[in-house]
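>>> this one's structure only:
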């Protein structure tokens, strides 16, 4: 998937393309998680779509619930969803950072003969 340490450093254009691809994967994971939260609140708590979005977004952002939870299913969902969101944010940042970290490390492991001109 990535170039090996003995290969030339990826061109800036190809690196930006790779970074965009990984950014889209990260954003897709976050949007998918937000949709799961919205649907969960609509189904389990009977919230309107706007209130469900607000509560999901606030949990994903680490701020917590806005509206009071009324059902046991909704409370259980909110707890699991909050734990899930914390993990998803770490994973999304990790996915986005992979190409950057790889390029940084790759740059320092190149021999002088394989480095590209800038």
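Arrived safely, thanks for sending. Bear in mind the structure is a predicted one, so any value in this text is a computation, not a measurement. Numbers count the residues shown, from 1 in each chain.

>>> low pLDDT regions in this protein?
For the chain, applying pLDDT under 70 flags the ranges 3, 5-6, 109-118.

>>> what sits closest to the residue nearest in space to the middle of it if chain neighbours are left out?
By Cα atoms, centre = their mean, the mean C-alpha position of the chain lies nearest to residue 92, the distance being 2.2 Å. For residue 92, the nearest residue in space outside its immediate sequence neighbours is residue 26; the separation is 4.3 Å by Cβ to Cβ, 6 or more residues apart in numbering. From N, CA and C alone the C-beta is placed, and that goes for glycine too.

>>> can you check residue 25 too?
residue 95 (5.5 Å).

>>> need the three-state assignment for the spatially closest residue to residue 86 that is not a sequence neighbour.
In this structure, residue 86 finds its nearest non-sequential neighbour in residue 62, 7.6 Å apart by Cβ to Cβ, 6+ apart. What DSSP: H, G, I helix; E, B strand; the rest coil gives for residue 62 is coil.

>>> count the residues that sit near residue 62.
Residue crowding around residue 62 was assessed by other Cβ atoms under 10 Å; the count is 10.

>>> what backbone torsions are found at it?
Backbone geometry at residue 62, expressed as degrees, to the nearest 10, gives phi 90, psi 10.

>>> could you point out the longest helix of the protein?
Counting by DSSP state H, the longest helix found in the chain is helix 72-108.

>>> next, the buried residues of that helix.
Buried residues in helix 72-108, counting neighbours by 16 or more other Cβ atoms under 10 Å, are found at 74, 77-78, 81, 84-85, 88-89, 92, 95-96, 98-99, 102-103, 106.

>>> same deal with stretch 50-67?
51-56, 58-60.

>>> ok, so of the residues you listed, who is nearest residue 18?
Nearest to residue 18 among these: residue 60, at 25.8 Å, using Cβ to Cβ.

>>> surely that closest one touches residue 38?
No - applying Cβ atoms under 8 Å, one finds residue 60 not in contact with residue 38, separated by 10.5 Å.

>>> show me what counts as buried in stretch 30-38.
For stretch 30-38, burial by neighbour count (16+ other Cβ under 10 Å) applies to 30, 33-34, 36-38.
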